[in-house]
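1. here is the input, now give the coordinates:
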Amino acid sequence: MEQNKPISEKFSSAQIYAIVILALTQFTVILDFMVMSPLGDMLMKAMSLSTSQFGFAVSSYAFSAGISGLLTAGFADRFDRKKLLLFFYVGFIVGTLLCGLTTSYPMLIMARIVTGLFGGVIGSISMAIVADLFPFQQRGRVMGFMQMGFGASQVLGIPISLFVANIWGWQSPFLMIVGLASIVWLVVLVKMPAIAEHLTIKSERKILMHLWKTLSFGQYRAGFLTTALLSLGGFLMMPWGSAFAINNLQLTTHQLPILFMVGGVSSLIIMPLIGKFSDSIDKFKLFAFASVWMMMVVVVYTNLTPVAFGIVLAVNVLMMIGIMSRMVPSMALVSALPKMQDRGAFMSINSSLQQIAGGIAAVIGGKIVVQKTNFSPLEHFDTLGYMIVGISLVSIYMMYYISGLVKRNHAIAAAAAASTTSTTPAPVH
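-> I've put the predicted structure just below:
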């Protein structure tokens, strides 16, 4: 069993290269999605959009990504994962280009749907590659480095995107992403080796049957539900971040990039530390502690009124620490549930339900949050914070259950390996 392979403390050069490549793909995809939030206030004013319309623009990506994930799940384990990554990444580039060329709200919705159809699957493919290349004992560190793409998007991507958007319009950040993603695609094509070990393992090859078996397995369903809950909580508040900061907290357009940059720097510092930490202690305990931390800070943040910019920065950093610190152990635990021959399907379905849950949350958030005019404060933003607390409490229970499943599976695998070793005849000399 793969869990019983000797584990090296250091990553090999091939593993380091894989981490860098996957982190770069994650950076571009995350930036494409995350930039919608800081551009939200600018976009709503430029197109005279209501909070509900903007929420639908965000959710259109999520819903299309969710549908794509379900359609991909049945055949995700039938192909070389590198080829799948290249195919969906080029579709993501095309969709992002359409976002940069759009001039109307209907065109924006269409462009976000196309981007979601392809971009929403890339994360699940990357997760399957990580699970193939790295044993469970190393995945916490790997997830920490992978999620640095989130921090990097805030440190570099979002401030630069806001800068170019202020000069050339809100469409320009998407064109910038197209240029960067095209370079990354070429690097993957030329440098990444084939990843096809899973094809040597006998599994259900009928697409619909493979999809159904993955969906119907009880342990997998627990992982799907937990991931959906985490996404539901995150998407409730995220789309309205810039509008809340500008209209409620009275931040200026020059302070907004600093807010995202400081949050991103804190992510870049904390993610590798949390990743290493999660490989040293019980992953569930880390997740539970981080969740409680996050719940307390979210309630404070969503109830803030205009205060000194330094206080806003401090609260935002504390909130980011909680969010990032629970993301690493949760991803590591959920990635340990599927068998190798099911990982592509599992990760695709998992990503799909994550996106669909996020889309539902964005729609719900758009209905709860009200902005009477494009320049008035958001109302009922604090309600979203209390909803996140309730969802997070359920998530803690579900992650406790998953942690127990993972420990039991590893114990069974270790016992089976020990039994095989003890029954193998000793070599005759």
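2. continuing past the helix or strand of the chain with the lowest mean pLDDT, what's the next helix or strand?
-> Least confident element among the helices and strands of the chain, by mean pLDDT, DSSP states H and E: helix 148-152 (a mean of 63). Next along the chain after helix 148-152, taking DSSP states H and E as the criterion, comes helix 158-168.
3. relative to the whole chain's centre, how far out is that next one?
-> Here helix 158-168 shows a centroid-to-chain-centroid distance of 23 Å under the convention C-alpha atoms, centre = their mean, to the nearest Å.
4. three-state assignment of Cys99?
-> Here Cys99 takes the helix state, with states given by DSSP: H, G, I helix; E, B strand; the rest coil.
5. give the contact list for it.
-> Cys99 sits next to 32, 108, 111-112, 115, 171, 174 when contact means C-beta atoms under 8 Å, 6 or more residues apart in numbering. C-beta here means a position set from N, CA and C on the backbone, and glycine is covered the same way.
6. show me what the top helix by length along the chain is packed against.
-> Identified as the longest helix of the chain according to DSSP state H is helix 381-423. When contacts are defined as 3 or more C-beta pairs under 8 Å, 6 or more residues apart in numbering; DSSP states H and E, helix 381-423 sits against helix 218-237, helix 283-302, helix 309-335, helix 343-368.
7. most tightly packed of those?
-> Most buried of the helices and strands packed on helix 381-423, by mean neighbour count (mean count of other C-beta atoms under 10 Å): helix 343-368, with a mean of 25.
8. which strands or helices does it pack on?
-> Helices and strands in packing contact with helix 343-368 are listed as helix 51-73, helix 105-133, helix 207-216, helix 218-237, helix 381-423; criterion 3+ C-beta pairs under 8 Å, 6+ apart.
9. from the middle of its chain, how far away would it be?
-> The gap between the average C-alpha position of helix 343-368 and the chain average comes to 10 Å, counting by C-alpha atoms, centre = their mean.
10. ChimeraX command to pick out the buried ones of the contacts of Cys99?
-> Taking 16 or more other C-beta atoms under 10 Å as the burial criterion, the selection of buried members of the contacts of Cys99 in ChimeraX is written as:
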select :32,108,111,112,115,171,174
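11. got the contacts of Cys99 as JSON lines, with distance to Val58 columns?
-> Rendered in JSON lines, the data for the contacts of Cys99 read as follows (distance: C-beta to C-beta, whole Å):
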{"residue": "Asp32", "distance to Val58": "12"}
{"residue": "Leu108", "distance to Val58": "11"}
{"residue": "Ala111", "distance to Val58": "13"}
{"residue": "Arg112", "distance to Val58": "8"}
{"residue": "Thr115", "distance to Val58": "12"}
{"residue": "Gln171", "distance to Val58": "16"}
{"residue": "Phe174", "distance to Val58": "14"}
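12. show me which of the contacts of Cys99 is closest to Tyr220.
-> The closest of the contacts of Cys99 to Tyr220 turns out to be Thr115 (C-beta to C-beta; 27.3 Å).
13. rewinding a little: tell me the one among the contacts of Cys99 nearest to Ile183.
-> Within these, distances to Ile183 taken as C-beta to C-beta reach their minimum at Asp32, with 14.8 Å.
14. among the helices and strands packed on helix 381-423, which is nearest His254?
-> Shortest distance between His254 and these, using C-beta to C-beta, is found for helix 309-335: 10.5 Å.
15. how far away from the center of its chain is the closest one?
-> From the chain centre to the centre of helix 309-335 is a distance of 13 Å (C-alpha atoms, centre = their mean).
16. change the start of the numbering to 571 and stick with it
-> Got it, the first residue is 571 from now on, which makes the last one we talked about helix 879-905.
17. so what angle separates the directions of that helix and helix 788-807?
-> 160 degrees (axes from the mean of the first three to the mean of the last three C-alpha atoms, to 10 degrees).
18. which strands or helices does helix 879-905 pack on?
-> Contact analysis of helix 879-905 by 3+ C-beta pairs under 8 Å, 6+ apart lists helix 675-703, helix 706-716, helix 788-807, helix 825-848, helix 853-872, helix 951-993 as its packing neighbours.
19. now distance to Gly625 too, for the ones you listed, in CSV please.
-> Compiled in CSV, the helices and strands packed on helix 879-905 are given as follows (distance: least, C-beta to C-beta, whole Å):
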stretch, distance to Gly625
helix 675-703, 12
helix 706-716, 28
helix 788-807, 10
helix 825-848, 20
helix 853-872, 17
helix 951-993, 12
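20. out of the contacts of Cys669, the closest to Ile938 would be?
-> Relative to Ile938, the closest of the contacts of Cys669 is Arg682; by C-beta to C-beta it sits at 21.4 Å.
21. am I right that that closest one is in contact with Ala627?
-> Yes - look at Arg682 against Ala627 with C-beta atoms under 8 Å: they come within range, at 6.0 Å.
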